[in-house]
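Engineer: I would like to see how this sequence folds:
(chains A and B)
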Amino acid sequence: DTEVTQTPKHLVMGMTNKKSLKCEQHMGHRAMYWYKQKAKKPPELMFVYSYEKLSINESVPSRFSPECPNSSLLNLHLHALQPEDSALYLCASSQDSLTGGLTGANVLTFGAGSRLTVL
Amino acid sequence: DAKTTQPPSMDCAEGRAANLPCNHSTISGNEYVYWYRQIHSQGPQYIIHGLKNNETNEMASLIITEDRKSSTLILPHATLRDTAVYYCIVYGRGSTLGRLYFGRGTQLTVWP
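Structural biologist: Numbering: from 1, shown residues only, chains lettered A, B, ... in the order given. Next up is the predicted model:
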């Protein structure tokens, strides 16, 4: 299995709703990432988990709450979002984020994304 | 912040080689050059990476200058399905460790 699976593909939510985005990989990767991508812009890094611990938070507002229950799963809990949070949310994984492994290289595998619309 | 400079757009005739340039003059010795592409509304797809030597795989070739300050991604026989945004990224051990940042990329359009 060489894929990163994201669910749901599309999500519409109101500003008072609580929802979650899910990401799963079975490649044995120990690093997982959340990116946010607005239309016609490059992906922006949000969070990095390494060995199931949060290692990087790019000053993301607390209405986004990541969770890594195990090495294969990554969730992004959403609460009290704003319409400007509407975007494509991308999950990625890699073998190792903090050392790049033996070679120092670190190839990320991305999922297809979850498109979020906040009304 | 992205450490690379790419032209915002390029086009290429189908069947011809597409050569996408990237400047990364501040690259450090332990940073790799990576190329990803993103077809409209899909997740980014890894293409190739290199440190010092030129690299080739089934998708593309990567040519890195001797001083490592620039590189070129070559798609040898471009097809319509190669139309995408191509991102050149430098990343490795050091201050950016764990932080793989995307720049604006190059929109490649392949014409029939």
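Engineer: now the strands for chain A?
Structural biologist: Under the criterion DSSP state E, strands of chain A are mapped to A:4-7, A:10-13, A:18-25, A:31-37, A:44-50, A:53-57, A:64-70, A:73-79, A:87-94, A:109-110, A:114-118.
Engineer: okay, now the unreliable bits of chain B?
Structural biologist: Scanning chain B for pLDDT under 70 picks out the ranges B:1-2, B:93-97.
Engineer: about what we covered before: let me have the strands of chain A in a markdown table, extended by distance to B:Cys12.
Structural biologist: To be clear about C-beta, it is placed using only N, CA and C from the backbone, and glycine gets the same treatment. Below are the strands of chain A laid out as a markdown table (distance: least, CB to CB, whole Å):
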| stretch | distance to B:Cys12 |
| --- | --- |
| strand A:4-7 | 29 |
| strand A:10-13 | 33 |
| strand A:18-25 | 33 |
| strand A:31-37 | 25 |
| strand A:44-50 | 28 |
| strand A:53-57 | 36 |
| strand A:64-70 | 39 |
| strand A:73-79 | 37 |
| strand A:87-94 | 26 |
| strand A:109-110 | 24 |
| strand A:114-118 | 29 |
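Engineer: A:Gly111 touches A:Lys22, doesn't it?
Structural biologist: No - A:Gly111 sits out of contact with A:Lys22 when judged by CB atoms under 8 Å, with a separation of 10.0 Å.
Engineer: neighbour-wise, which of those two wins?
Structural biologist: Just comparing A:Gly111 and A:Lys22: by other CB atoms under 10 Å in any protein chain shown the higher neighbour count belongs to A:Gly111, 26 against 16.
Engineer: hmm, back to that, what's the overlap in contacts for A:Gly111 and A:Lys22?
Structural biologist: Common neighbours of A:Gly111 and A:Lys22, counting by CB atoms under 8 Å, 6 or more residues apart in numbering or on different chains, are A:Gln6.
Engineer: what helix or strand is the nearest residue to B:Gln45 once chain neighbours are set aside located in?
Structural biologist: Of all residues not flanking B:Gln45 in the chain, B:Arg37 sits nearest, at 5.4 Å (CB to CB, 6 or more residues apart in numbering or on different chains). Assigned by DSSP states H and E, B:Arg37 falls within strand B:31-38.
Engineer: got the CA coordinates for that strand in CSV?
Structural biologist: C-alpha atoms of strand B:31-38 as CSV (Å, rounded to 0.1, in the frame of the first residue of the first chain):
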residue,chain,number,x,y,z
GLU,B,31,19.7,20.3,1.8
TYR,B,32,18.3,18.3,-1.1
VAL,B,33,16.4,19.7,-4.1
TYR,B,34,13.0,18.1,-4.5
TRP,B,35,10.4,18.5,-7.3
TYR,B,36,6.7,17.9,-6.8
ARG,B,37,3.8,18.6,-9.1
GLN,B,38,0.2,19.3,-8.5
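Engineer: noted, bye for now.
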